[in-house]
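> Sharing a sequence plus its predicted fold:
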Amino acid sequence: MKSKPRIYLDHAATSWPKPESVYLAVNDAMRTLGAAAGRGAYAESLRADQVISQLRRQIATLVNAPNPSGVVFAANGTAALNLAIAGLFGSLHSPVPHVVTTAAEHNSVLRPLRAMADHQRVEMTIVPCDSEGKVDADQVLAAVGKETRLVAVGHASNVTAAIQPIAAIGSQLRNHPALFLVDAAQTFGYLPIDVQEAGIDLLATAGHKGALGPLGTGALCVSPQAEPQIAASVWGGTGGNSDQLTMPTCLPQRLEAGNLNVPALAGWLAGLQWLQQNQTSQQHLHQLAQRFDQGLAEIEGIQVWGAGSPLPVRSFVSQQLSPADFAAVLEAEFGVQVRTGLHCAALIHPYLGTTSDGTVRLSAGHLSRSEEVDVAINAIAQVVAGL
């Protein structure tokens, strides 16, 4: 029996397929470069250094970071967030610093903060969100006090695609000693981000979603104001200062212990270059988001979250079929692959009323085709009609 074409709509987890240039860059780094960055003076190692330096500059330019040296690479977006949080709160302080975050956050923010709170390294206030997963800037700012050292807010919900008011929050924190940490895993490569305009001190992101890099890529952008406050939380070789048993004091080396994943980072660079060369992709994403909205609005018997968001991410639940069962039917009968469950966002679901089973999440990306979205919408309509 002929298998159905694969319609992949889980780009909020990781983008696929990647541009061909990404595969070629990874292959070239593996087969012909074959050297570590910052670990040698021969030609291939110096070329690896150039790839890493070029990627730092590309990311700094994309988010308007003041200095490429403040772009620190990590194993993924979660590791980047942990660099920031553990770097700030890895040791005991007196008085115990206060952190403000929100119920809309991914567990990559909530779990490290919870771990710090469990060890009395921070006190945490979690600001609620509304039934669409959006947080109120005034509520976030009202929770900030004199002991607050960090405010952590995601740029967008990975469940509802709600865009959070980061500029409104960051602008009001400029004269407060608290640092502003933004999790941009769901928006980096999809939406414009200006860290200076938005008052962002720490921007963490994955490289494998909207930025089109391979899995195993992430970065933390550290502002000059935040740099003195972020201590090393991973220790090891950096390729320099090898006579010292302490980590280098400068960035990025202070936070980049061990070898970087040069092939993956070369692929990420190629992905960002593809984005730079394909400026119409933003318009394409908005068209896909509108296509989701128009199609899902016509299907009775489902509740949808995310309508109106520029991100092509939508969640829904059926009144008669669990998310897991709904997704199983979509793949088995139509070849449509989606994500179900709580989406690693533990606290948002009580506000959505989806605590038990979570949601079905559809998420398209730069290389998704309009026809694939249409097939998915038609498939959902057929499943609902069959119920």
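The structure has been received and is ready for your questions. Numbering: from 1, shown residues only.
> Identify the residues contacting the helix or strand containing residue 111?
If you go by DSSP states H and E, residue 111 is part of helix 107-118. Counting by C-beta atoms under 8 Å, 6 or more residues apart in numbering, the neighbours of helix 107-118 from elsewhere in the structure are 77-78, 81-82, 85-86, 89, 99, 101, 122-124, 152, 154, 181, 183, 185, 344-347. (C-beta placed from N, C-alpha, C; glycine too.)
> could you dump that helix to PDB, C-alpha only?
What follows is the C-alpha trace of helix 107-118 in PDB, where atoms were taken according to Å, rounded to 0.1, in the frame of the first residue of the first chain:
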ATOM      1  CA  ASN A 107       9.600  24.500  31.600                       C
ATOM      2  CA  SER A 108      13.100  25.600  30.300                       C
ATOM      3  CA  VAL A 109      12.500  28.700  32.300                       C
ATOM      4  CA  LEU A 110      10.300  27.400  35.100                       C
ATOM      5  CA  ARG A 111      12.300  24.300  36.100                       C
ATOM      6  CA  PRO A 112      15.700  26.000  36.600                       C
ATOM      7  CA  LEU A 113      14.000  28.700  38.600                       C
ATOM      8  CA  ARG A 114      12.100  26.100  40.600                       C
ATOM      9  CA  ALA A 115      15.300  24.300  41.300                       C
ATOM     10  CA  MET A 116      16.900  27.600  42.500                       C
ATOM     11  CA  ALA A 117      13.900  28.300  44.700                       C
ATOM     12  CA  ASP A 118      14.000  24.800  46.200                       C
END
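> quick one, what contacts residue 289?
Residues in contact with residue 289, defined by C-beta under 8 Å, 6+ apart, are 309-313, 364.
> following the helix or strand where it lies, which helix or strand comes up?
Of the helices and strands defined by DSSP H and E, residue 289 is found in helix 281-297. Heading C-terminal from helix 281-297, the first helix or strand you meet, by DSSP H and E, is strand 302-305.
> buried residues in that following strand?
For strand 302-305, burial by neighbour count (16 or more other C-beta atoms under 10 Å) applies to 302, 304-305.
> do the same with stretch 82-99
If you call a residue buried by 16+ other C-beta under 10 Å, then stretch 82-99 has these buried ones: 82-89, 96-99.
> Next: stretch 55-68.
In stretch 55-68, the ones that count as buried by 16+ other C-beta under 10 Å are 55-56, 58-60, 62-63, 65, 68.
> Kindly present these as JSON lines, with separate columns for distance to residue 252, pLDDT and secondary structure.
As requested, the buried residues of stretch 55-68 are arranged in JSON lines below (distance: C-beta to C-beta, whole Å; pLDDT from 0 to 100; DSSP: H, G, I helix; E, B strand; the rest coil):
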{"residue": "55", "distance to residue 252": "11", "pLDDT": "98", "secondary structure": "helix"}
{"residue": "56", "distance to residue 252": "7", "pLDDT": "98", "secondary structure": "helix"}
{"residue": "58", "distance to residue 252": "14", "pLDDT": "98", "secondary structure": "helix"}
{"residue": "59", "distance to residue 252": "11", "pLDDT": "98", "secondary structure": "helix"}
{"residue": "60", "distance to residue 252": "11", "pLDDT": "98", "secondary structure": "helix"}
{"residue": "62", "distance to residue 252": "17", "pLDDT": "97", "secondary structure": "helix"}
{"residue": "63", "distance to residue 252": "15", "pLDDT": "98", "secondary structure": "helix"}
{"residue": "65", "distance to residue 252": "12", "pLDDT": "97", "secondary structure": "coil"}
{"residue": "68", "distance to residue 252": "9", "pLDDT": "97", "secondary structure": "helix"}
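> will you turn these into a markdown table that also has distance to residue 166?
As requested, the buried residues of stretch 55-68 are exported to a markdown table (distance: C-beta to C-beta, whole Å):
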| residue | distance to residue 166 |
| --- | --- |
| 55 | 24 |
| 56 | 23 |
| 58 | 22 |
| 59 | 18 |
| 60 | 18 |
| 62 | 16 |
| 63 | 12 |
| 65 | 15 |
| 68 | 22 |
